[in-house]
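Peer 1: Have a look at this prediction, sequence included:
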Amino acid sequence: NAGVMQNPRHLVRRRGQEARLRCSPMKGHSHVYWYRQLPEEGLKFMVYLQKENIIDESGMPKERFSAEFPKEGPSILRIQQVVRGDSAAYFCASSPLGASAETQYFGPGTRLLVL
Amino acid sequence: AQKVTQAQTEISVVEKEDVTLDCVYETRDTTYYLFWYKQPPSGELVFLIRRNSFDEQNEISGRYSWNFQKSTSSFNFTITASQVVDSAVYFCALMDSNYQLIWGAGTKLIIKP
């Protein structure tokens, strides 16, 4: 059973470009979470999605950031017009049922570097 | 407010020593979950343990053990007979009623041969 998959593992963008980060949850998991880890810090929650629904986006910056989890295909975290402060590791996690009862399993992360 | 504090930024010990990583949390919820994750130098996050707020039994898994004390809001992690491969950043996290994981800042553990 493959774990949570994220790609790309490393992404370099210039200021003003768009970054698209993809996450495929574990087989049988229908809940996806995105977290951001700034250098030398713990992770910060960004958004919680189920298929075709955003459940909680309280941690998402109000501008430039969006997330989706379509009926088919991976979850996408999109960052438009990236700035240097967006440089971070972005982790995706998945769980099989309602999050209150289940552990979140993490992917390997995407390291975004904005030049 | 929900908060997780890992006061130890970095710990360095010699191989085979025992080491305890501290975690103190704050929450108003009566039902919550506590977690430990390991982040080795390769960067991935490895789940170690989940504990719910109603289960105060200590847990042992090989060289790892966890001490959950509700009275002091602590969930400490001990590695016995540490090994170089234990070198990593260890995160304590709290899951609140909103399903979000709230993370401590992490403790960097260095095991010297």
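Peer 2: Yes, it's here. Only a predicted model underlies this, so the values are computations on that prediction, with no experimental measurement involved.

Peer 1: Just confirm residue B:111 is within a strand.
Peer 2: Yes: counting by DSSP: H, G, I helix; E, B strand; the rest coil, residue B:111 is part of a strand.

Peer 1: Name the residues of chain B found near chain A, please.
Peer 2: B:4, B:33, B:35, B:37, B:43-45, B:47, B:50, B:91, B:93, B:95, B:97-106 (C-beta under 8 Å from any C-beta of the partner chain). Using the backbone N, CA and C atoms, a C-beta is placed for each residue, glycine as well.

Peer 1: Filter those down to the buried ones, ChimeraX style.
Peer 2: Listed next is the ChimeraX selection for buried residues among those, using 16 or more other C-beta atoms under 10 Å in any protein chain shown:
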select /B:4,33,35,37,44,45,50,91,93,95,99,100,101,102,103,104,105,106
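
Peer 1: Strands - which of the residues of chain B next to chain A land there?
Peer 2: B:4, B:33, B:35, B:37, B:47, B:50, B:91, B:93, B:95, B:101-103 (DSSP state E).

Peer 1: and of those residues, the nearest to residue A:54?
Peer 2: residue B:101 (17.4 Å; C-beta to C-beta).

Peer 1: Would you mind naming the residues that pair with the closest one in a beta bridge?
Peer 2: residue B:95 (DSSP bridges).

Peer 1: Now for it: which residues touch it?
Peer 2: Counting by C-beta atoms under 8 Å, 6 or more residues apart in numbering or on different chains, residue B:101 touches A:33, A:35, A:43, A:45, A:93, A:104, B:35, B:93-95.

Peer 1: ok, back up a step: if we only consider the ones in strands among the residues of chain B next to chain A, which is nearest to chain A?
Peer 2: residue B:103 (3.5 Å; C-beta to the nearest C-beta).

Peer 1: distance of the closest one from residue A:82?
Peer 2: Computed as C-beta to C-beta, to the nearest Å, the residue B:103 to residue A:82 distance reads 23 Å.
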